[in-house]
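Q: Return a 3D structure for these sequence lines:
(chains A and B)
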Amino acid sequence: MAVTEAPPVARPQAAASRTGAAAVTAALVLLVAALAVVDITQGTAAVGPSQVFKALTGQADPGDASVVVASRLPRMTAGVLVGVVLGIAGAVLQAVSRNVLASPDTLAVNAGSYLALGLVGATGVSLPLLASSGVAFAGGLAAAAVVLALSGLGTGTVRLVLAGTALALGLNSVTEGLLLLFPQQTEGLYQWNQGSISQNGFDGVLQMLPVALVGLAGLLLVARRVDALALGDDAARGLGVPVRATRVTVVVLAALLSAAAVTLAGPIGFVGLCAPALVRPLARRFRGFVRARAVLPVAGLAGAGLVLGSDVLLRAIVPADTAVAVPTGIVTSLVGAVFLVVTALRLRDTGGADAPDRLRIPSRTAFLVTVAALVAAVVGVTLAGVLLGDSKLLLGDVANWAQGRAGQTVSFVLDTRVPRVLAALCAGGALALAGTLVQAVTRNPLAEPGVLGVSGGAALGAVLLVTTVPAAGSWGVAGAAFGGAALASAVVFGLSARGGYRQNRLVLVGIGMAAGSTALISLLIVLTDPFNATKALTWLSGSTYGRTMADVLPVALVLVLGLAVAVARRTELDLVSLDEDTPRLLGLGLPRARLGLLVVGVLLAATAVASAGTIGFVGLVAPHAARALVGRRHGRVVPVAVLLGAALVGTADLLGRTVIAPAQLGAGLMTAVIGTPYFLHLLVRGRKAT
Amino acid sequence: MRRLLLTAATTTAAALTLAACGTTEPAADSSKKKTSEAISLTDSTGAKVELDSPAKKVVATEWNEVESLITLGVDPVGVADVKGYKTWDTAVPLKNEPKDIGTRGEPSMDTIASLSPDLIVASSDLPDAAVKQLRKIAPVLEIKSADASDQVGQMFKNLDLIAEATGTTDKAATARKNFEAKVAEGEKALADAKLDGTDIAFADGYVTSNQVSLRPYTSGSLIGAVNERLGLKNAWKVKGDPAYGLGTTDVEGLTALPKDVRFAYIGNDDDKSSNPFSGQLKKNAVWTSLPFVKADRVHRLPDGIWMFGGPESMEAYIDALVDALTK
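A: Numbering: from 1, shown residues only, chains lettered A, B, ... in the order given. Prediction:
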C-alpha cells in the first residue's frame, strides 16, 4: 500500500527527506548491528562480552575463539540472512499482490517447502543441503502458485490469507501424517518445523548465501517494474511493463529466497509479514522509501532485526539451557500473531459481508431424503467405527456387548473403542453446530471456531490445566477449555465487534489468535514436557486417543443443549443471518440475541476441543455443505450440518485409527486433508461470484 | 452431493447386511475359577493390583519394562514399537516375536485387548486416560519408569514389582546379584587403572537439518547413577528433568566440561540422525577444539545398549564403558 503514495510535490522537501531516509536506514543498520553483537555474547558456553571481544581481536584462548567462530557467528549470520531474505520476500510479495498480508507464511510457501522435504525424507534418501534446498524451492513455489491462482492477484486480502493458511494447514497435516507413517526416515523434521537459527558451523550459511544473493539481485533488477505495478495493472501496462511476467518473476524469486531461509533454519514464522509492515509507516514519512529499490533493503534490515531481536529476547529471559530447546520460530510466531491482530484492527475494512450466495430452495422431500441419507451415513460410520479397528468385530459381538454378555476380548475392545467413536461423532456434530451459529451471528461465511482461534484458545486452556494439574478430570479439562475459548472469543469478537463483525477484521484477528495460541501451546510443552511430542500432537492435531465415556459426557450434553437452543431459535438465526436491518425492524434485540448464540457456539467448540483436541475445518465445511444441500433456513441447516459434521469427523477418526494400525493418526489431521480441498473449492466459487 | 449421499446410504445398508449378526468369539460364560496362587501387590502409583495367578501373557508399553520381563524369563506377548526396540536394545534381545502394539506414547487399545493378556505393564508416562482404559482390559501394573532422585533403586523396585506379578522373584534376586557383582567388578577395574574419581560426561545427540542438539545425562539419569556407582564423577553442570535426569544443550555447552573429562556416547547406525559425534560434529571447530576431543578421550560405546533399560542393559554398559576407559 505504501507504494501507492502520490508523487512528491516539491523538490526541496524530497531532498530533505532523502537525508531523512538515509538517517533511518543508518539507524536500522546500527540497531541490527547492536542486536548482532548482543546475540554473539549469548549462548550456553561461558563466553560473554569480554571473551567475544578478545576472540574478535585474536587474543582469546582457542576454546573461546572456536565458540565464537563456529557457533555464535554462524548463528548470528544465519539470523541476519534469514531475516533479510524473509523481510525482502515479504515486501516484494506485498508489492506485487498489492496486498499488505502477503508473505511466505500466508502464501503457504513454508508449508509447501516443508511437505516437499517431508516427501523426500519419507523415501529415505538423504540429500546434500543444496539439493534439499532445491526440493524445498519446488515445493514452496508450487504452493505459492496454487494460492495465488486461487485467490487472484491484487484482490481481496482475506481471500489470499484464507487460501494460504488453509492450504498451509492441509499441507502441514499431510506432512505430519508422513512423519507418523515414516518416523524413522523423517525424524527431526518435526522439531525442525518449529524453526531455529542455530548452526553447526558456517557450512550451511555459505551454501545458502549464493542462492540468497541470486534472489536478491534478481529482485533489485525488477524493482522498477514492481514500482510500476503498484500504480495498478492498467497503468503499468500503459508504461510498457509486462504485468504478468513481472508478477511471475517476483513470485519465483521470492519463493527462492524463502526456500533458502527454510532450508537454513526451518520456517521462521511471520517475519515476512511483519518486517515490511514495520517499514510501511517510514515510507509514508520519508519520500526516499517510496521506491522498491530503497524499500526492499530496509525491509530486509527490519527482518534481520526481528529475527535477531527474537533470539536475543529469548536468550535474555529464559536460562541458556532452556533457551536452547525453544525454537526461534515460536518467538517470531508469537510476535507475528500480535502483529497480525494489530494490523487487522488498523486495516480500513471495506469488505462488508458478502451478498448471500444465491441458493435454490429445495423441496421438502429433497430435505427429507437428504436427512435420511445422512442419518444412514452417520449410522454406517458409527457401525464401521465400532466394528473396524486393529481387531475386526461383527455385529453379534456388539449385540452381546450391549447386553453385557460379550466375551473378554470383545468387551475390552468395545469398552475402549465405543467412547472414541462417540467422542468423534459428538465433537464433529458440536463443531458443525458451532460453525453454523457463528457464521449466522457474524454473517461471515468464513467464520469458524478453528479459523477464529476459539479452538486454539480452548486447547491452550486445556493444555495449561493438564500440564499444571496432571490429575485433572474430564470436567476440569472441559472447564479449562471453556475458559480458554471464552477468553479467546472475548478478544476476537470484542476486537472485531466494532463495525459489526466485518469480514476482514474478524477473520484476520481470528487467524492471529489461532497462530498465537498454537505457538503458545508449543512453547508450553517445550518448557514443561520437552520429551513428550505425543502430547503436543494429540492436542494440536485432534485425537480421540484414550477417551472414556466421562470425557464424552460434557460434549454430548452441550451438543444436546446447543441443538435445543438452535432449533428453538431457528427463526432468530434466519433473521440475524440475513442483514442488519430486518431483525431490528421486527423488534428483535440484536446484540442480546447475538451474544447468547455466540456463547452457545463457544461452549460447543470448547467442549469439542476438550474431548478430541483441535479439529479444524469441520465448523466451516459442514454448514456450507448443509446450505448447499437444503437451502439457508436454519430449521433445515442445523440438523443437516450436525449430521455432516458427525459423519466427517467419524470417518476421519476411523481412517486415522485403521490406516496405519496399530499406530494412529489424529482425527484432526484427516479432517484437514479432507477439509482443505473443500475449503479451497469454496474460495474458488466465491471468486467466480464476485 | 445428493447422489453421493444416496450411494453412502446404500453402501451402508449393504455393509450392514454383510456384517450380519456373526460374532468373533462366543458369548462369555460367567463362571470364574479361583486359584490358590492369587497375587496381590501395590504398583508404583499406589494402586492395588490383584491377580488370580502369576501372569504369563504379559504386554509391556515401555522398553525398560520389556527388558525387565526378558530378564525375568517372561517373554512378553505384546511390545510397543517392536522395530524400535530391536534397533535400540540389542543388549537384551527379544527371544520371541511379540505383537507390535503401536507407539510407546499411544499404544493401541484394540491390539492389546485382542491379545487378552493376564497383565499389562504400563509406564506411568502414559496419559492417565489411557491407563484407565488399560485397566479394563487386564490388571495394570503401572511402573514409574524413572526417578531422578534414585535411578538404580527405582530400576530394581520396578524389576521386583514385575517379578512379583509374574512369580519370578528368584530371577529378580539373581539379576540384582549379577548387577551388584558387575558394579563391583567394574569399580575394581577402574580403580586398578587409577581411573576412580575421573570426570565423566555421557550424552546423546540429534541432528535436524544443519542443527545439532545434545542431551546431557546428568547425575540424576540412570547412566549417571551407574557411573557414580563405578566411582566416576559426573561432570555435567546442566540441570536435568525430574524423571529421567536429562538436560538440553548445544555444542558450545560442551565447553563447560572440565578439560580432562572422559566423554562417552551411544548412537545408532540404523538411525543416522542420532550420531552427531561421529558425523556432523567432525568438522565443527567448537567440537574439534574441545580439550577432551583433542586428547582423544571421546568414547563411542557399542550400539544397542538402551540408556533407559534395566539391569542387563546397565551391565552391558558397565562392560562397554570399563572396556573403553581402560583400553
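Q: Buried residues, the helix ranked longest in chain B. List them.
A: Across chain B, the longest stretch assigned as helix under DSSP state H is helix B:169-192. Neighbour counts over helix B:169-192 (16 or more other Cβ atoms under 10 Å in any protein chain shown) mark B:171-172, B:175-176, B:179, B:182-183, B:186-187, B:189-190 as buried. Placement of C-beta: from N, CA and C, glycine included.
Q: Distance to A:Leu395 added to those, as CSV?
A: Shown next, in CSV, are these (distance: Cβ to Cβ, whole Å):
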residue, distance to A:Leu395
B:Lys171, 46
B:Ala172, 46
B:Ala175, 48
B:Arg176, 52
B:Phe179, 53
B:Lys182, 57
B:Val183, 59
B:Gly186, 61
B:Glu187, 64
B:Ala189, 66
B:Leu190, 66
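Q: Can you add distance to chain A and pLDDT and give the residues you listed back as TSV?
A: TSV is the format used below for these (distance: Cβ to the nearest Cβ, whole Å; pLDDT from 0 to 100):
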residue	distance to chain A	pLDDT
B:Lys171	29	93
B:Ala172	28	94
B:Ala175	27	94
B:Arg176	28	95
B:Phe179	26	95
B:Lys182	28	95
B:Val183	27	94
B:Gly186	28	94
B:Glu187	31	93
B:Ala189	32	94
B:Leu190	28	93
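Q: re the thing from before, elements contacting the longest helix of chain B?
A: Where contact means 3 or more Cβ pairs under 8 Å, 6 or more residues apart in numbering or on different chains; DSSP states H and E, helix B:169-192 is packed against helix B:151-166, helix B:222-229, helix B:311-326.
Q: Now mean pLDDT and mean neighbour count too, for those, in a markdown table please.
A: A markdown table is the format used below for the helices and strands packed on helix B:169-192 (pLDDT from 0 to 100; neighbours: other Cβ atoms under 10 Å in any protein chain shown):
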| stretch | mean pLDDT | mean neighbour count |
| --- | --- | --- |
| helix B:151-166 | 93 | 22 |
| helix B:222-229 | 94 | 24 |
| helix B:311-326 | 94 | 21 |
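Q: Where does pLDDT dip in chain B?
A: B:1-22, B:25-36, B:208-210, B:272 (pLDDT under 70).
Q: ok, 50 please
A: B:31-32 (pLDDT under 50).
Q: Spell out the residue ranges of the helices in it.
A: Under the criterion DSSP H, chain B contains helices at B:2-19, B:63-71, B:82-88, B:109-114, B:128-137, B:151-166, B:169-192, B:222-229, B:285-288, B:291-294, B:311-326.
Q: closest to A:Ala138 out of these?
A: With Cβ to Cβ as the measure, helix B:82-88 is the member of those nearest A:Ala138 (31.4 Å).
Q: Just the buried positions in that closest one, please.
A: Neighbour-count burial for helix B:82-88, counted by 16+ other Cβ under 10 Å, picks out B:82, B:84-85, B:87-88.
Q: can you map out the helices along the stretch 101-250 of chain A?
A: A:109-122, A:129-151, A:157-181, A:189-192, A:203-230, A:233-238, A:243-265 (DSSP state H, counting those that start in this stretch).
Q: okay, these in JSON lines with mean pLDDT, distance to chain B and mean neighbour count next?
A: Listed next are the helices of the stretch 101-250 of chain A as JSON lines, based on pLDDT from 0 to 100; distance: least, Cβ to the nearest Cβ, whole Å; neighbours: other Cβ atoms under 10 Å in any protein chain shown:
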{"stretch": "helix A:109-122", "mean pLDDT": "82", "distance to chain B": "9", "mean neighbour count": "26"}
{"stretch": "helix A:129-151", "mean pLDDT": "83", "distance to chain B": "7", "mean neighbour count": "21"}
{"stretch": "helix A:157-181", "mean pLDDT": "74", "distance to chain B": "8", "mean neighbour count": "24"}
{"stretch": "helix A:189-192", "mean pLDDT": "59", "distance to chain B": "4", "mean neighbour count": "21"}
{"stretch": "helix A:203-230", "mean pLDDT": "88", "distance to chain B": "4", "mean neighbour count": "19"}
{"stretch": "helix A:233-238", "mean pLDDT": "84", "distance to chain B": "37", "mean neighbour count": "14"}
{"stretch": "helix A:243-265", "mean pLDDT": "86", "distance to chain B": "7", "mean neighbour count": "25"}
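Q: Among those, which comes closest to B:Leu94?
A: helix A:157-181 (23.7 Å).
Q: what helices or strands is that closest one leaning on?
A: In terms of contacts (3+ Cβ pairs under 8 Å, 6+ apart), helix A:157-181 is packed against helix A:109-122, helix A:129-151, helix A:189-192, helix A:503-528, helix A:533-541, helix A:667-689.
Q: The helix or strand A:Ala430 falls within and chain B, are they touching?
A: Assigned by DSSP states H and E, A:Ala430 belongs to helix A:408-442. Yes: contact between helix A:408-442 and chain B, assessed by Cβ under 8 Å from any Cβ of the partner chain, occurs at A:408-413, A:415-417.
Q: With adjacent residues omitted, what lies nearest to B:Gly106?
A: Not Gly; residue B:106 is Glu. Spatial nearest neighbour of B:Glu106, chain neighbours left out: A:Tyr545 (5.0 Å); criterion: Cβ to Cβ, 6 or more residues apart in numbering or on different chains.
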